[in-house]
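Visitor: Sequence first, predicted model second:
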Amino acid sequence: MAIQLYNSNYKKLPLKQLLKWNSIPTAVISDSMNRQNVMASRISALLPGKMVGQARTVSVIAGDNGAIHASMNLLGSNDVLVIDGGAYKERALWGGILNTLAIQRNISGVVIDGAIRDIDELIGMGLPIFFSSVTPAGPHKGWGGTIGTQVSCGGVSVSPGDIVVGDGDGVVIIPIQQAPRVFQAALTRLRFEETLIKKIKLGEDLTGVFDYPKIEAINN
């Protein structure tokens, strides 16, 4: 079956504009988007550290990584390859060979809602990878797939060009049209949390900072 390649035109952001997200934790970004656009907890990091880039998307038939191989020559610097693998656990979509190709393309990382393998090798290679499971069982090829269209990964809709941020807490997606607003909101939230932590360390009264439910005393 043929692999469908979509013409996904989007604005490529300068590296400087992407790197500013490095200072914002995914938890703060999530809070700044009303706790939305957060991938499911099954998507976890292979390595500690931060990943930031723009999404290049692939959707595959469960257990088939042919479309992933076909996408490799389309990738470049600052891309994050986002793969909708249908959360299928029993066939690895990614391993040492694809990881070597990805590093040669100088991409920023990979997010796979599916399985990976060669995990000891991948750890030593250092490329940020977020995935949902591990299995030694290899993939199939030949069932087709799509490249460069909107996908669902980890329960979140991802379009080509969206900003992808990953850290030890997981992965969040910032729709590219919302990026300026979300970034400013995240900075405000980050400053609020920094101020709050200082107050806690100084033993200051935090009454009124949080809207707690009313406490009612119960007499036994």
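Guide: Thanks, I have it.

Visitor: from here on, contacts and neighbour counts on C-alpha atoms
Guide: Noted.

Visitor: Please name the spatially closest residue to residue 163 (chain neighbours excluded).
Guide: Distances taken as CA to CA, 6 or more residues apart in numbering put residue 54 closest to residue 163, at 4.6 Å, once the chain neighbours are dropped.

Visitor: separation between that neighbour and residue 172?
Guide: Taking CA to CA, to the nearest Å as the measure, residue 54 and residue 172 are separated by 12 Å.

Visitor: shared neighbours of the two, anything?
Guide: Among the neighbours of residue 54, those also in contact with residue 172 (CA atoms under 8 Å, 6 or more residues apart in numbering) are residue 164.

Visitor: can you map out the helices along this structure?
Guide: 15-19, 26-32, 66-71, 96-104, 119-125, 179-201 (DSSP state H).

Visitor: Put together TSV for the ones you listed, with mean neighbour count on each row.
Guide: Compiled in TSV, the helices of the chain are given as follows (neighbours: other CA atoms under 10 Å):
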stretch	mean neighbour count
helix 15-19	12
helix 26-32	20
helix 66-71	20
helix 96-104	16
helix 119-125	13
helix 179-201	14
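
Visitor: So for residue 50, which of those sits nearest?
Guide: Within the helices of the chain, the stretch nearest residue 50 is helix 26-32; the backing value is 9.4 Å (CA to CA).

Visitor: remind me, longest strand of this protein?
Guide: Longest among the strand segments of the chain by residue count, using DSSP state E, is strand 79-94.

Visitor: That one packs against which elements?
Guide: strand 51-60, strand 109-116, strand 133-134, strand 151-153 (3 or more CA pairs under 8 Å, 6 or more residues apart in numbering; DSSP states H and E).

Visitor: Could you dump these into TSV with distance to residue 192 and mean pLDDT added?
Guide: TSV is the format used below for the helices and strands packed on strand 79-94 (distance: least, CA to CA, whole Å; pLDDT from 0 to 100):
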stretch	distance to residue 192	mean pLDDT
strand 51-60	23	98
strand 109-116	30	98
strand 133-134	36	98
strand 151-153	31	98
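
Visitor: Alright, calling it a day.
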